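# From the sequence below, what's the structure:
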Amino acid sequence: MNRVAFWLIAGGLVALATPAVGAEVPKPAAAAPSADAAALAARIDQLLAEAWAAKRITPAEPAADTEFLRRVYLDLAGRIPTVAETRAFLADQRTDKRRHLVAGLLHRPTYARHLTTVWRHLLLPEADTNPQIQFVGIGFESWLRGQFDKNAPYDQLVRDLLTTPVDQQTAMRGFNRGATDAPTPIAYYLAKEGKPENLASASARVFLGLRLECAQCHDHPFATWTRDQFWGLAAFYAGIRTQERGEGFFVPDKEVLDRRELSIPGTDRVVQATFPDGTDPEWKFKVGPRQTLAEWLTGKENPYFARAAVNRVWAQLFGIGLVEPVDEMAGGQDTVVHHAQLLDELARVFVAHKFDLKYLLEAIASTRAYQLSSRGRGPAPLFSRHPLRGLTGEQLYDSLAAATGQSDAVADDQFFRFNGGPRQEFLTKFGQQTSRPTEYETSIIQALTLMNGGFVGQATSPGRSELLTAVLEAPFLTDRGRVETIYLATLSRRPTEKEMERAVAFLDKTGTGDDAKKAVADVFWALLNSAEFVFNH
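You can find the predicted model right below:
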């Protein structure tokens, strides 16, 4: 029986089913749960419970341990857990093992790697389609990785990005992939071609949750912002000078630090650098306009900065922000505010805890709301059920790698990740989803890549797959043991008894020798292509 036939006939094998009762993950680094994060988690749950009660909303049941395990690995490590990690979690008898798991994952190298991927897409989306930006983006990723490795305060990370030197010498470091001894975020400026309007729209959208570019050409009838406000923000970048180096690629030349004004294109009007809230900057001697902008933007009194940050973090863990869309927080005809009080509370505490991203992630991932099941039908307002989310290309590839026995050390290798390696080839086909995670889109090419692509083909080949080789050659494993192992490897749970019976019956029909090995590989292939594998739930 071929793989497609097995996939169709044994549909029940790959359907979402109630996970077996289990426990949590291993005991990662010695990272104890934070009491402050637990207190914030309790406050979040209190506010949501009050909102549910007021609107007579019944929340979903708590997620099973295995459901939570897979979800939190995808959200904090960027991949599913390995078989060993899953077994260790299921064997853990601690009552607070979920909190320990969250704290441990936040101190693993996979956390910094995953957050680097998340924020690289936000800050440098041009690298998804531009090979030149992808090349210099490696240095940018090195810089980001360093920030998350040391848990740099979020406000400091943004200040460093907005005030990094923009000149020829720094650009050359970027072209050298960030020079490992001193990585630089210069690629952010190269990708935006050093243009004030590009830098203004990007910084407002990512760091303030504001889409000011709607007012770039004219005052928009339905937008809050005016054309003068947009160009007033762009004027903070007016001193950057660039030169073209062929094929439309720009590099910085130098920066004129006392340049604080811009002419609005197509008009004879000149605007001075002005903050989006309408206040005028207090200029300081020998302090450039970008530094002045960074100090205002990251300031504790800024009404947008902390709220935009916590809204993005919430959306990272739930697929939906407390305000949607996440980059249109100023209000508008399409803006939906799910819980304004909770957003304000999170922003206040985030500032009080010195913009600590790990603290914020630990608190949210420790809440009852985050740990609700995704099972159910119909709408689930106010985060009363965890939403299904499609995996990003990176999450999907790294989860395939984990399921097939590839180590994190391999996934960290830059040659493996870039330079035309299998990961880059895979991501070229999957790309970065442009829709919301809860509105996952797939193409025929992507489906065929999972079904018949070279990476999946090798991973499910009895003679070439590390995991399959181990499963097939283990003398102590029966057919039931083999089925259980590949379920743990792919879906992070044990099969239900019905699934087990169906899979074992399929294996029994195939005889012995190579046919038996191919049958185990077919079950493995079917699980990798299942809806349960390609969604975060």
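
# center of the protein - which residue?
By C-alpha atoms, centre = their mean, the chain has its centre lying nearest to V118, at 3.8 Å.

# quick one: terminal-to-terminal distance for stretch 529-537?
16 Å (C-alpha to C-alpha, to the nearest Å).

# got it, and stretch 287-303?
Start-to-end, stretch 287-303 (C-alpha to C-alpha) is 23 Å.

# Next, count neighbours for T164.
By other C-beta atoms under 10 Å, the residues close to T164 number 17. Using the backbone N, CA and C atoms, a C-beta is placed for each residue, glycine as well.

# Find the nearest non-adjacent residue to it, please.
Of all residues not flanking T164 in the chain, P185 sits nearest, at 5.3 Å (C-beta to C-beta, 6 or more residues apart in numbering).

# burial measure for that neighbour, as a count.
24.

# distance of it from G209?
20 Å (C-beta to C-beta, to the nearest Å).

# do the same with L507
Distance from L507 to G209, by C-beta to C-beta: 53 Å.

# for the stretch 351-500 of the chain, what spans make up the helices?
In the stretch 351-500 of the chain, the helices defined using DSSP state H, counting those that start in this stretch lie at 357-365, 393-403, 408-412, 414-417, 422-430, 444-452, 454-459, 466-473, 479-491, 497-508.

# Please indicate which of those has the most neighbours on average?
Ranked by mean neighbour count, these are led by helix 393-403 with a mean of 24 (mean count of other C-beta atoms under 10 Å).

# Output that one as CSV, nothing but the C-alphas.
Taking C-alpha atoms only, helix 393-403 is exported to CSV below (Å, rounded to 0.1, in the frame of the first residue of the first chain):
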residue,chain,number,x,y,z
GLY,A,393,8.0,28.1,7.9
GLU,A,394,10.8,28.1,10.5
GLN,A,395,8.6,26.4,13.1
LEU,A,396,7.6,23.8,10.7
TYR,A,397,11.1,23.0,9.4
ASP,A,398,12.6,23.0,12.9
SER,A,399,9.8,20.8,14.1
LEU,A,400,10.4,18.4,11.3
ALA,A,401,14.1,18.4,12.2
ALA,A,402,13.3,17.7,15.9
ALA,A,403,10.8,14.9,14.9
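
# Please work out the angle formed by the directions of it and helix 444-452.
On the basis of axes from the mean of the first three to the mean of the last three C-alpha atoms, to 10 degrees, helix 393-403 is oriented at 0 degrees to helix 444-452.

# outside of helix 393-403, which residues touch it?
74, 78-82, 114, 117, 391, 410-411, 423, 426-427, 430-433, 455-456, 459, 467, 489-490, 528, 533-534, 536 (C-beta atoms under 8 Å, 6 or more residues apart in numbering).

# Leaving out chain neighbours, which residue sits closest to I57?
In space, I57 is closest to S384, 4.9 Å off (C-beta to C-beta, 6+ apart).

# Pretty sure P62 sits against Q371.
Yes: at 5.9 Å, P62 counts as touching Q371 under the criterion of C-beta atoms under 8 Å.

# gap between the residue nearest to D356 when sequence neighbours are not counted and K300?
Excluding the flanking residues, the one nearest D356 by C-beta to C-beta, 6+ apart is P153, at 6.5 Å. Distance, P153 to K300, using C-beta to C-beta: 12 Å.

# Who has more neighbours out of these two?
P153 (16 against 12).

# K354 is in contact with the more buried one, correct?
Yes: using C-beta under 8 Å, P153 is in contact with K354, at 5.3 Å.

# Would you map the strands across the stretch 251-400 of the chain?
Using DSSP state E, counting those that start in this stretch, the strands assigned to the stretch 251-400 of the chain run over residues 261-263, 270-272, 323-324, 336-337, 389-390.

# Can you add mean pLDDT and mean neighbour count and give the ones you listed back as a markdown table?
Converted to a markdown table, the strands of the stretch 251-400 of the chain look like this (pLDDT from 0 to 100; neighbours: other C-beta atoms under 10 Å):
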| stretch | mean pLDDT | mean neighbour count |
| --- | --- | --- |
| strand 261-263 | 91 | 16 |
| strand 270-272 | 92 | 15 |
| strand 323-324 | 94 | 20 |
| strand 336-337 | 93 | 12 |
| strand 389-390 | 90 | 22 |
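
# of all those, which lies closest to F250?
Closest to F250 of the strands of the stretch 251-400 of the chain is strand 261-263 (C-beta to C-beta; 17.4 Å).

# how about the nearest residue to A200, chain neighbours excluded?
Among residues not flanking A200 along the chain, A234 sits closest, at 3.8 Å (C-beta to C-beta, 6+ apart).
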